[in-house]
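Participant: Sequence and predicted structure are below.
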Amino acid sequence: MRENKEQKIIKELLRIGFNKYEAKAYVTLLRNPNVTAYEISKISGVPQSKIYETMKKLVNRGLSIAKGKKPVKYTALSIEEYLDRYKNDLDESIKYIKDNFKELEVQPTIEHMWHFKGKHQIHSKIKDMINKAKESLYLELWTDEYNKFFDEILEANERGVYIVIVLYGKTDKEIGKVYYHELNGIKESAEKHGRWLNIISDEKECLFSIMKPGEINGIWTQNKAFMILAESFISHDIYIAEIYKKFKKELDETFGPNMKKIRENIHIG
């Protein structure tokens with residue numbers, strides 16, 4: 001069932017620091033001005049044991065005003081000022097962390113391997129890697145993903161980042177140096193195991209992801225051994241793409257389409 005707008009607003013309020021009672025009470029106040037804490041509790045579903053504490057927090061945050069006595073009635077104030085203040089505070093915190101975090105680092109390199117799951121997490125990390133790249137980007141990906149990250153790759157190219165792409169599919173919008181991987185027999189493997197994406201940024205970090213319908217998994221790391229593996233993976237496919245481009249006829253005659261006779265003897269992947 002699709003969530004309604006009120007549920008969506010409550011969810012977004014939770015993301016910016018509200019607890020669930022504060023979010024429900026505030027949304028209730030927006031729809032029902034000049035009401036008592038008891039009425040807010042009844043309408044919003046916030047327990048009566050929590051409503052007075054919740055309303056006190058909203059007043060202290062500048063999101064509500066309390067008027068009168070016995071009973072006290074509450075009215076919501078505009079959230080605009082609060083959001084501006086929250087954004088400014090958050091921007092200041094982010095800037096401070098970026099400027100000072102390196103002082104806390106002990107290890108010069110990161111050897112961890114981080115597992116990501118789900119489209120949002122992985123796509124966000126890929127965009128972050130592309131956007132932060134200063135010197136080079138090596139990507140191996142399918143046309144769907146190339147189109148998805150096209151704007152970020154284009155911006156990196158315009159920043160002067162050296163870009164090399166191994167592409168599974170075709171495009172008429174090439175960025176950097178593009179090598180086209182032979183697709184004969186590869187599509188079947190992708191349908192069975194999922195499409196893959198490999199990205200190396202500035203030769204310092206890499207991410208490998210497998211994308212199946214409804215399931216996306218990825219690993220990000222700066223581990224040196226994994227970096228060598230990722231670099232070898234892309235380099236190997238560049239060699240194959242160039243050799244196949246020049247000797248396709250001879251290779252097809254000797255080994256079958258896309259080296260089928262060789263691949264038939266390989267029972268992994």
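Facilitator: Received, thanks. All of these numbers come straight from a predicted model, not from anything done at the bench.
Participant: drop to CA atoms for contacts and neighbour counts, all remaining ones
Facilitator: Fine.
Participant: Next, count neighbours for residue 251.
Facilitator: For residue 251, the neighbour count with other Cα atoms under 10 Å is 15.
Participant: I'd like the distance between it and residue 4.
Facilitator: Look at residue 251 and residue 4: by Cα to Cα, to the nearest Å, they are 58 Å apart.
Participant: how does the protein divide into domains?
Facilitator: As assigned by automatic domain parsing, the chain contains the domains 5-80, 113-263.
Participant: Packing partners of the host helix or strand of residue 122?
Facilitator: Per DSSP states H and E, residue 122 falls inside helix 119-132. Helices and strands touching helix 119-132, by 3 or more Cα pairs under 8 Å, 6 or more residues apart in numbering; DSSP states H and E, are helix 150-158, strand 195-201, strand 215-221.
Participant: how about these in a markdown table, adding distance to residue 54 and mean pLDDT?
Facilitator: Listed next are the helices and strands packed on helix 119-132 as a markdown table, based on distance: least, Cα to Cα, whole Å; pLDDT from 0 to 100:
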| stretch | distance to residue 54 | mean pLDDT |
| --- | --- | --- |
| helix 150-158 | 43 | 96 |
| strand 195-201 | 46 | 92 |
| strand 215-221 | 39 | 90 |
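Participant: Turn the ones you listed into TSV, including mean neighbour count and distance to residue 117.
Facilitator: Listed next are the helices and strands packed on helix 119-132 as TSV, based on neighbours: other Cα atoms under 10 Å; distance: least, Cα to Cα, whole Å:
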stretch	mean neighbour count	distance to residue 117
helix 150-158	17	21
strand 195-201	22	14
strand 215-221	19	5
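Participant: what mean pLDDT does stretch 81-101 have?
Facilitator: Here stretch 81-101 scores 86 as its mean pLDDT.
Participant: now do stretch 120-127
Facilitator: In this model, stretch 120-127 has an average pLDDT of 92.
Participant: residues of it that come out buried?
Facilitator: 122, 123, 125, 126 (16 or more other Cα atoms under 10 Å).
Participant: can you list the residues you listed in TSV and add distance to residue 26?
Facilitator: Output for those, formatted as TSV (distance: Cα to Cα, whole Å):
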residue	distance to residue 26
122	33
123	33
125	33
126	36
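Participant: which one of these is nearest residue 201?
Facilitator: Distance ranking of these against residue 201, using Cα to Cα, places residue 126 first at 9.7 Å.
Participant: Tell me how far the closest one lies from residue 200.
Facilitator: In terms of Cα to Cα, residue 126 sits 10 Å off from residue 200.
Participant: which residues do the two both contact?
Facilitator: Applying Cα atoms under 8 Å, 6 or more residues apart in numbering, one finds that residue 126 and residue 200 are jointly contacted by residue 207.
Participant: could the helices and strands packed on helix 119-132 be laid out in TSV, adding distance to residue 179?
Facilitator: Formatted as TSV, the helices and strands packed on helix 119-132 follow (distance: least, Cα to Cα, whole Å):
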stretch	distance to residue 179
helix 150-158	15
strand 195-201	14
strand 215-221	23
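Participant: Out of the ones you listed, flag the one nearest residue 169.
Facilitator: With Cα to Cα, the closest approach to residue 169 among the helices and strands packed on helix 119-132 belongs to strand 195-201: 11.7 Å.
Participant: can you pull out the strands in this protein?
Facilitator: With DSSP state E, the ranges of strands along the chain come out as 35-36, 64-67, 73-76, 113-117, 136-142, 162-168, 177-180, 195-201, 205-212, 215-221.
Participant: strands paired with the shortest one, and their directions?
Facilitator: Meaning strand 35-36. Paired with strand 35-36 in the same sheet, following DSSP bridges, are strand 73-76 (antiparallel).
Participant: Residues contacting the partner strand, please?
Facilitator: 26, 29-30, 32-37, 63-67.
Participant: ok now it, how far from the chain's centre?
Facilitator: 39 Å (Cα atoms, centre = their mean, to the nearest Å).
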